[in-house]
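Engineer: Need a 3D model of the sequence below.
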Amino acid sequence: MKTRLSAAGAALLALLVAVLAFGQPAQAAAGFTVAGGKLYDANGTEFIMRGVNHAHTWYPQQTSSFADVKALGANTVRVVLSSGDRWTRNTNADVANVISLCKANRLICVLEVHDTTGYGEQSGAITLARAVDYWLSLADVLAGQERYVIVNIGNEPYGNQNYASWATDNANAIARLRAGGLTHTIMVDAPNWGQDWSFTMRDNAAAVFAADPARNTVFSIHMYGVFDTAAEITDYLGRFRAAGLPIVVGEFGFNHSDGDPDEDTILAYSQANGIGWLGWSWSGNGGGVEYLDMATDFNPASLTSWGQRIFNGANGIRQTAREASVFGGTPPPTTPPPKTLASRA
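Structural biologist: Numbers count the residues shown, from 1 in each chain. Got it, this is the predicted structure:
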């Protein structure tokens, strides 16, 4: 998100009728399913994401991070991958290893392609169609992992320009993924660097959901400077809840270059309304936002103030995360959290 523009509040989704009757969650399904605006695991148990983002594609050697975030109580990790267009491609073998690490650590794995970030504004960013090419090239790795893996088509797939085709492009991308045999729950990111100040995702989400023949799509909003008041957060998330559409906060922070997000409201409202979230990010940030590291130099014993807030604060991971039932229902670890603070703000 680079520039915040004002946008008149649009009427709530014109196609609400498409989401009035989603049916009941499937029992013993092949993988995750969506019903009534909620996400259910393969056992038919509601699953609410409580986790973090991990910049795997830039730090592929940091494989211990999966065990580390699990030990701190997370139930989900969103993993940054590259199609090879802007950074080094994560190979099929590497993605298979990531999935294996998530499963070994009883974490649900949200895989995302980062090369789409800021398309239409960011030089070198790729289209959602190009991201789909990458996912289809991973079909052999993804097959059979529907119980553990959610496919996030592309990170922040449009900047603040040329985003009018967001709905059509996502509908087409979903159709190609389904035609290619992917039956996983699909996650789609908002435009405007993920923050949807234009309400493009909000006002077209029902149509995109209806375009998925499996009706198995989740929407992801990124909350940074656009969401600096409680009213903005509760209104945005509340509209999805009222419409019966599944929404998660796929990224957020306690501060950002574009403003000061209200992280306390994000956490409290999400907890009160059963909305999943994934904080940004575990470690390795650069470009002036190093303060968003939760752990200093990937060290789980050296949590920053942001890491302490996410894992150990009110409505944080320790208090609210519940492991996916597909792993057998074992509760998260109860080991006392590390005490060391090493703020990089």
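
Engineer: now the strands for the stretch 51-200 of the chain?
Structural biologist: Assigned by DSSP state E, counting those that start in this stretch, the strands in the stretch 51-200 of the chain fall at 76-81, 108-113, 149-152, 186-189.

Engineer: Quick one: work out the angle between the second one and strand 76-81.
Structural biologist: Here strand 108-113 points in a direction 20 degrees away from that of strand 76-81 (axes from the mean of the first three to the mean of the last three Cα atoms, to 10 degrees).

Engineer: what does strand 108-113 rub up against?
Structural biologist: 47, 49, 51, 75-83, 95, 98-99, 102-103, 131, 134-135, 145, 148-155, 187, 189, 250, 278, 324 (Cβ atoms under 8 Å, 6 or more residues apart in numbering). Heads up, the C-betas are built off the backbone N, CA and C, glycines and all.

Engineer: okay, which residue is most central for the chain?
Structural biologist: Nearest residue to the geometric centre of the chain (Cα atoms, centre = their mean): residue 250, 3.1 Å.

Engineer: list the contacts for the nearest residue to that one once chain neighbours are set aside?
Structural biologist: Nearest residue to residue 250, sequence neighbours excluded (Cβ to Cβ, 6 or more residues apart in numbering): residue 220, at 3.4 Å. Contacts for residue 220 (Cβ under 8 Å, 6+ apart) come out as 152, 187-190, 194, 247-251.

Engineer: Strands along the stretch 201-345 of the chain, start to end?
Structural biologist: Going by DSSP E, counting those that start in this stretch, the stretch 201-345 of the chain shows strands at 217-223, 247-252, 276-279.

Engineer: Make CSV out of the ones you listed and add mean pLDDT and distance to residue 161.
Structural biologist: Below are these laid out as CSV (pLDDT from 0 to 100; distance: least, Cβ to Cβ, whole Å):
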stretch, mean pLDDT, distance to residue 161
strand 217-223, 98, 17
strand 247-252, 98, 20
strand 276-279, 98, 26
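
Engineer: Between those, which one is closest to residue 306.
Structural biologist: Across these, residue 306 has its closest neighbour in strand 276-279 (7.9 Å, Cβ to Cβ).

Engineer: who does the residue nearest to residue 250 bridge with?
Structural biologist: Under DSSP bridges, the beta-bridge partners of residue 220 are residue 189, residue 248.

Engineer: I'd like the distance between it and residue 171.
Structural biologist: Per Cβ to Cβ, to the nearest Å, residue 220 is found 16 Å from residue 171.

Engineer: if we can go back for a sec, now the buried members of the contacts of strand 108-113.
Structural biologist: Neighbour counting by 16 or more other Cβ atoms under 10 Å classes 47, 49, 51, 75-83, 95, 98-99, 102-103, 131, 134-135, 145, 148-155, 187, 189, 250, 278, 324 among the contacts of strand 108-113 as buried.

Engineer: In this structure the residue nearest to the centre of the chain contacts residue 221, no?
Structural biologist: Yes. Between residue 250 and residue 221 there is a contact at 6.8 Å, judged by Cβ atoms under 8 Å.

Engineer: list residues touching both of these two?
Structural biologist: Common neighbours of residue 250 and residue 221 (criterion: Cβ under 8 Å, 6+ apart): residue 194.

Engineer: With distance to residue 42 as extra columns, can I get the strands of the stretch 201-345 of the chain in CSV?
Structural biologist: Putting the strands of the stretch 201-345 of the chain into CSV (distance: least, Cβ to Cβ, whole Å) gives the following:
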stretch, distance to residue 42
strand 217-223, 15
strand 247-252, 18
strand 276-279, 17
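
Engineer: who touches stretch 278-292?
Structural biologist: Under the criterion Cβ under 8 Å, 6+ apart, residues 49, 51-55, 58-59, 62, 65, 68-69, 76-78, 110, 222, 248-257, 293-299, 304, 306, 310, 343-345 lie in contact with stretch 278-292.

Engineer: Repeat that for stretch 133-145.
Structural biologist: Stretch 133-145 is contacted from outside by 31, 83-84, 92, 95-96, 99, 109, 113, 149, 151, 153, 176-177, 180-182, 184, using Cβ under 8 Å, 6+ apart.

Engineer: Can I get the buried part of the contacts of stretch 278-292 as one ChimeraX selection?
Structural biologist: Per 16+ other Cβ under 10 Å, the buried members of those correspond to this ChimeraX selection:
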select :49,51,52,53,54,55,62,65,68,69,76,77,78,110,222,248,249,250,251,252,253,254,255,256,293,294,295,296,298,304,306,310,344
